[in-house]
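Q: Structural data only, the sequence is not supplied:
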């Protein structure tokens, strides 16, 4: 006789149909993370329409690669911020080539006045974050990202490393360096 | 939830819901296989599911078994505690967010389950009869996204002096500890 542990797809709450589908899993993810993704873009642009579009693009990308997400390898937020960074980098590339505006005009979501007001408030709320990123403009993008993900978003250094595809050791070095420069610049500003 | 995020979610479901609903769960049928182990009794602890099985030693039973059933279910058979690591490796390969942990004297963990059997509101587990053996049924889709179901296996002695295996269940945010304190272990509430 042995001890069997059976893992099946059926449970008590709904024997025939799985209670939790991938859609429901993704909805949990969306509802817990959407505000952070919106804030991520609100720190980068003052255009509510662009914040809305980039947020939508991020979740569309996330849906496409959701099957690759493995929670045992890390938390969801670093994974999502990795996608958000990619979406923003792509937007910047297209903008530089003056392609993005035309593409976005064609597929632009129509926001109503209430949504625009709401996004404007979010953009205002991220003013300090934008200012901080502005102060870090002379740093490399990876150093800026390290500061943002750890000090603004609140990821742990390990999670930030995952989002940036860096080793935790490298991330810590970047973070230390970026914070030191930031302190130095603020000290100089204060003396002026 | 703010209106912008609500509306965006509605659009995502409308335009990408079918894609998401058809996203495969991380169970790979090609990984399906079966091994076996020694025998045991089953006992639930901490007010959880309790069942005791008497062991009958086979000639040379495999140590653990993990197999996926045709309906997408996964069956795990553990006949000896030494099979835990192998069974966990198989569960991980199958993408099932469950971890089997051994009750060990001196195990120190600060992680607390957010829910334990029988208070798991979704039916991830229930004892089931499989042939001559008693087992546990788990629905991996009911394990909330990002959570891990921990199955603690403990070696016990019954009043008859026979070896038993106790099981209990707990749901953890993120990953679950890989060991569990023995019942009555003074280190139970210690933190690292």
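A: Yep, it's here. This structure is a prediction, so every number in the text was calculated from the model and none was measured.
Q: make it CA atoms for all contacts and neighbour counts henceforth
A: Noted.
Q: anything in the helix or strand where residue B:5 lies near chain A?
A: Element membership of residue B:5, judged by DSSP states H and E, is helix B:3-21. Yes: with CA under 8 Å from any CA of the partner chain as the measure, helix B:3-21 is seen reaching chain A through B:3, B:4, B:5, B:8, B:9, B:12, B:16, B:17, B:19, B:20, B:21.
Q: So which residues of chain A form strands?
A: Using DSSP state E, the strands assigned to chain A run over residues A:3-7.
Q: And the residue nearest the centre of it?
A: residue A:81 (2.9 Å; CA atoms, centre = their mean).
Q: how close does that one sit to residue B:108?
A: 33 Å (CA to CA, to the nearest Å).
Q: returning to what we had before: counting contacts, what elements does the helix holding residue B:5 pack onto?
A: Helix B:3-21 makes packing contacts with helix A:22-42, helix A:48-64, helix A:113-125 when contacts are defined by 3 or more CA pairs under 8 Å, 6 or more residues apart in numbering or on different chains; DSSP states H and E.
Q: 6 Å instead, please
A: Contact analysis of helix B:3-21 by 3 or more CA pairs under 6 Å, 6 or more residues apart in numbering or on different chains; DSSP states H and E lists helix A:22-42 as its packing neighbours.
Q: Mind naming the longest helix for chain A?
A: When every helix of chain A is counted residue by residue (DSSP state H), the longest turns out to be helix A:168-191.
Q: quick check: mean pLDDT across that one?
A: Regarding helix A:168-191, the rounded mean pLDDT is 79.
Q: Let me see the residues that make contact with that helix.
A: Under the contact criterion CA atoms under 6 Å, 6 or more residues apart in numbering or on different chains, helix A:168-191 has outside partners A:143, A:146, A:147, A:158, A:161.
Q: How about the fourth one, nearest residue that isn't a chain neighbour?
A: It refers to residue A:158. Nearest residue to residue A:158, sequence neighbours excluded (CA to CA, 6 or more residues apart in numbering or on different chains): residue A:168, at 5.2 Å.
Q: Tell me how far that neighbour lies from chain B.
A: Summarising the geometry, the distance separating residue A:168 from chain B, computed by CA to the nearest CA, to the nearest Å, is 19 Å.
Q: Pick out the one among the residues of helix B:3-21 next to chain A with the largest number of neighbours.
A: Comparing these by number of neighbours (other CA atoms under 10 Å in any protein chain shown), residue B:20 comes first, having 24 neighbours.
Q: for it, what are its contacts?
A: residue A:23.
Q: pLDDT-wise, what's the bottom of the residues of helix B:3-21 next to chain A?
A: Checking pLDDT across the residues of helix B:3-21 next to chain A, the minimum falls on residue B:21 at 67.
Q: Please tell me how far residue B:151 sits from chain A.
A: Remark: distance between residue B:151 and chain A (CA to the nearest CA) = 9 Å.
Q: Please tell me how far that residue sits from residue A:159.
A: Applying CA to CA, the value for residue B:151 to residue A:159 is 26 Å.
Q: Verify the stated contact: residue B:150 with residue B:174.
A: No: with contact taken as CA atoms under 6 Å, residue B:150 and residue B:174 are classed as non-touching, separated by 11.0 Å.
Q: between these two, which one's more packed in?
A: In terms of neighbours (other CA under 10 Å), residue B:150 is the more surrounded of residue B:150 and residue B:174; the figures are 26 against 19.
Q: Wait, a strand at that one?
A: Yes: counting by DSSP: H, G, I helix; E, B strand; the rest coil, residue B:150 is located in a strand.
Q: Put together JSON lines for the contacts of helix A:168-191, with neighbour count and distance to residue B:93 on each row.
A: Below are those laid out as JSON lines (neighbours: other CA atoms under 10 Å in any protein chain shown; distance: CA to CA, whole Å):
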{"residue": "A:143", "neighbour count": "21", "distance to residue B:93": "35"}
{"residue": "A:146", "neighbour count": "28", "distance to residue B:93": "32"}
{"residue": "A:147", "neighbour count": "27", "distance to residue B:93": "35"}
{"residue": "A:158", "neighbour count": "18", "distance to residue B:93": "23"}
{"residue": "A:161", "neighbour count": "23", "distance to residue B:93": "24"}
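Q: Just the pLDDT at residue A:90, thanks.
A: Here, the pLDDT recorded for residue A:90 equals 88.
Q: likewise residue B:65?
A: You'll see residue B:65 listed with a pLDDT of 68.
Q: Distance of residue B:108 relative to residue B:178?
A: Here the criterion is CA to CA. By it, residue B:108 lies 10 Å from residue B:178.
Q: Can you get me a residue count around residue A:140?
A: Applying the criterion other CA under 10 Å, we find 12 residues in the vicinity of residue A:140.
Q: Using the three-state scheme, assign residue B:110.
A: On the three-state scheme (three-state DSSP), residue B:110 is labelled coil.
Q: And the one 3 residues further on, by the same measure?
A: The three-state assignment at residue B:113 reads coil, by three-state DSSP.
Q: Give me the pLDDT value at it.
A: Residue-level confidence at residue B:113 comes out at 78, pLDDT.
Q: Repeat that for residue A:12.
A: In the prediction, the pLDDT value recorded for residue A:12 is 30.
Q: And residue B:26, by the same measure?
A: On the pLDDT scale, residue B:26 gets 50.
Q: How about residue A:140?
A: Residue-level pLDDT assigned to residue A:140 equals 82.
Q: what's the spacing between it and chain B?
A: To chain B, residue A:140 is 32 Å away according to CA to the nearest CA.
Q: and what of residue A:153?
A: Counting by CA to the nearest CA, the gap from residue A:153 to chain B is 19 Å.
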